[in-house]
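>>> Got a predicted model here, sequence first, then my questions.
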Amino acid sequence: MVLALFPPSPTPTIFRLRARAATNGLTADTSSYAQDASFIKRAASLADNSAGLTSPHPNFGCVIVSPGAPGKIAGEGFLYAQGTTPAEVAAVEAAGELSRGSTAYLNMEPGDCHGDDSAISALVKAGITRVVVGMRHPLCHLRGAGIRALRSEGLQVDVLGEDLRSKIFEDALKSCRMVNAPLLYRAASRVPFSVLKYAMTLDGKIAASSGHASWISSKLSRSRVFELRGRSDAVIVGGNTVRRDNPRLTARHGGRHVPARIVMSQTLNLPEVANLWDVTEVPTIVVTQRGANRSFQRLLAAKGVEVVEFDMLNPRDVMEYFYDRGYLSILWECGGSLAAPAISAGVIHKVYAFVAPKIIGGKHAPTPVGELGMVEMTQALDLIDVSYEQVGPDMLISGFLQPIPDLAPVIPSVDETYAIDPSVAEFESKIIFFYKTWDPYGAFSNFSHHPIHMSDDSGNYVTWQSVEHYYQANKFVGGDDPMAEEYLNAIKSAASPEEAARLGRRLQRQHPELARPDWDSVKVDVMYNALKCKFSMYPHLHSMLLSTAGSVLVEASPHDLFWGGGRDGEGLNYLGRLLMKLRSEFLGEPSESSEETCLAF
Ligand SMILES: NC(=O)C1=CN([C@@H]2O[C@H](COP(=O)(O)OP(=O)(O)OC[C@H]3O[C@@H](n4cnc5c(N)ncnc54)[C@H](OP(=O)(O)O)[C@@H]3O)[C@@H](O)[C@H]2O)C=CC1
Ligand SMILES: Nc1c(N[C@@H]2O[C@H](COP(=O)(O)O)[C@@H](O)[C@H]2O)[nH]c(=O)[nH]c1=O
């Protein structure tokens, strides 16, 4: 579907009224339109700061502008990572008293996940009177809810393309879509957003005939690649690239986030020693054909490399699997023989080609894309929204293979669904799956943004940013070694639940001697106490849990076979079980594990 920047208004009466109110008020003239557009662009560019960190959630930015100083920003903020302070909360805190009577600019409507309305209530409590929204939330169960909530509190909400229509907003709207393009593609195509990146010579080769490939592009271009890696959840290559290049695939200069590495290999005829098998800092996942080279699978498992088998190893099935695992964005750094089936399968959305001013020749030298089965030039795939940028001596050409999806007509909102088929009940399933925090029951996840107050050994109440922070840190409780305490504190202050999980797992893997020796026998109780605290502290979560009575709760993690239900239902689903146990306890059925370690409100 081609992106329509300003489609005809779906509910003309309401929108026309609102547009009139806007033209009579603050946004009456071109200069105020231009100001709105420029602050929305600023919100989008702030949101981009967290690329790679929010997966699979959207990137949010918020800018506050006071009527007393129309051209100036009073406060701004962005969501650093899922589970951290919302952009709106950060922005009103930064603006302080200047927020009263001000306008807030948001690149995207806040997603009121699982009753966490902190973003909306921050704007309301701060006295914001007008909110300009770049785009509605793309997910059907969230779309429109934030806008409705703000309007019901009496705030004027102007949405670009609906209430504010002018060519001036085209660029601003585009920047909002760009900053969350991975999310839009993911939601529309149900695979992670995938970027194919390669470096080639001017005569179109990605290696010499011998297979030697380092280095085609310049150092500056490679720094850009590190940055691209830092914005991705994983980097993927094929088996041949592992054999030829022995790559590391780390984001050396990208800072911050380091993506996982994925190797696609049918044969598993791979070297026993390779940089990618060193998983001390970054995990590697090898995806392969079911039954391939079992002894090599055991060798990889012994090194800590995860192996996932597929009945038929192909790019689409692999991408659907990583979608289920919650991946938002993947960088393909493979050679042409894997790039071609990935393009044919329609899983590649964007291309970055670094072209170096070099000629290597060679009839059989590898090229970036293998056989696509096209015979006439008219069949060639045209890139959309193409950019050209000189990077040192190289030229970087990038563009989309598929248009940015316009989700509005693709996925109807819950309200729209009711209008089409009133018999559709929102959550009528007898099995309730939850996993990522933005899912309808996402609040059941350990990663949801709900701080808990737990008592420590001395009976003092300590605040933990999330259940996951508490759970991971508990791995290092009670040891005599000061390092254990240091690790505990590092996990406690991790910036997001994901970072707490990564840190906790890594430190436990690297320093098993510092983790508590009885961890395996106490971890279920640790989790239960934390869950009990969370669901006692937040009345809306308590009600949500009770509302599921009669349903089976399953954490839909395809890879965690202990806490989750697994890919084919083979997981133990301990998280779902603990929540059901807690639900029974709340419903008055007796429970064995009910130590009062939590400060409930
Ligand atoms: N300049 C650049 O940007 C880059 C250059 N290169 C160079 O390219 C060359 C390697 O290219 P190439 O062999 O294409 O790259 P890859 O190794 O990236 O891809 C091919 C391999 O992918 C695995 N594979 C898994 N599933 C499939 C599938 N459905 N279809 C095809 N392959 C699948 C196979 O591994 P297995 O055989 O183990 O089963 C296959 O050999 C090397 O010389 C390398 O240096 C590579 C990446 C980037
Ligand atoms: N040759 C080539 C690239 N090759 C890609 O980079 C990988 C090596 O990454 P690393 O081990 O982390 O340095 C290699 O396997 C291949 O996927 N990339 C580029 O930006 N420019 C280049 O000239």
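Happy to help now that I have it. Numbering: from 1, shown residues only. Ligands and ions are numbered 1, 2, ... in the order given.
>>> Going by residue numbers, what spans are strands in the stretch 401-550 of the chain?
If DSSP state E, counting those that start in this stretch is used as the criterion, the strands of the stretch 401-550 of the chain fall at 431-434, 452-455, 461-464.
>>> What is the last one packed up against?
The elements that strand 461-464 packs onto, with contact taken as 3 or more C-beta pairs under 8 Å, 6 or more residues apart in numbering; DSSP states H and E, are strand 452-455. (Glycine included, C-beta is placed from N, CA and C.)
>>> Just put the strands of the stretch 401-550 of the chain in a markdown table and tack on distance to residue 86.
Output for those, formatted as a markdown table (distance: least, C-beta to C-beta, whole Å):
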| stretch | distance to residue 86 |
| --- | --- |
| strand 431-434 | 21 |
| strand 452-455 | 18 |
| strand 461-464 | 18 |
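>>> Just the strands from the stretch 101-250 of the chain, written as ranges.
Secondary structure of the stretch 101-250 of the chain (DSSP E, counting those that start in this stretch): strands at 103-108, 130-135, 156-159, 193-201, 234-238.
>>> which residues touch residue 235?
229, 249, 259, 260, 261, 262, 330, 331, 332, 333 (C-beta atoms under 8 Å, 6 or more residues apart in numbering).
>>> what do you get for residue 270?
239, 242, 243, 263, 286, 296.
>>> Look up which helix or strand it falls in, please.
Under the criterion DSSP states H and E, no helix or strand holds residue 270.
>>> any idea how far residue 263 is from it?
As judged by C-beta to C-beta, to the nearest Å, residue 270 and residue 263 stand 7 Å apart.
>>> Find the residues that touch each one of these two.
239, 242, 286.
>>> thought the last one was touching residue 263?
In this case it means residue 286. Yes - at 4.7 Å, residue 286 counts as touching residue 263 under the criterion of C-beta atoms under 8 Å.
>>> coming back round to it: got TSV for the shared contacts of residue 270 and residue 263, with neighbour count, distance to ligand 2 and pLDDT too?
What follows is the shared contacts of residue 270 and residue 263, written out as TSV (neighbours: other C-beta atoms under 10 Å; distance: C-beta to the nearest ligand atom, whole Å; pLDDT from 0 to 100):
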residue	neighbour count	distance to ligand 2	pLDDT
239	20	12	98
242	24	8	98
286	25	15	98
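>>> Same list, the residues you listed, but as CSV with distance to residue 468 please.
Converted to CSV, these look like this (distance: C-beta to C-beta, whole Å):
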residue, distance to residue 468
239, 34
242, 32
286, 26
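>>> out of the residues you listed, who's near ligand 1?
Here is what survives when the shared contacts of residue 270 and residue 263 are matched to ligand 1 using C-beta under 6 Å from any ligand atom: residue 239.
>>> and of the shared contacts of residue 270 and residue 263, the nearest to residue 364?
Ranked by distance to residue 364 (C-beta to C-beta), those are led by residue 239 at 19.1 Å.
>>> so what's that closest one closest to, chain neighbours aside?
residue 265 (3.3 Å; C-beta to C-beta, 6 or more residues apart in numbering).
>>> Measure how far the host helix or strand of residue 89 is from the centre of its chain, please.
Applying DSSP H and E as the criterion places residue 89 in helix 87-95. Computed by C-alpha atoms, centre = their mean, to the nearest Å, the chain-centroid distance of helix 87-95 equals 22 Å.
>>> where's whichever residue of the stretch 351-500 of the chain sits closest to ligand 1 relative to residue 213, distance?
Nearest residue of the stretch 351-500 of the chain to ligand 1, counting by C-beta to the nearest ligand atom: residue 366, 4.5 Å away. Residue 366 is 8 Å from residue 213, where distance means C-beta to C-beta.
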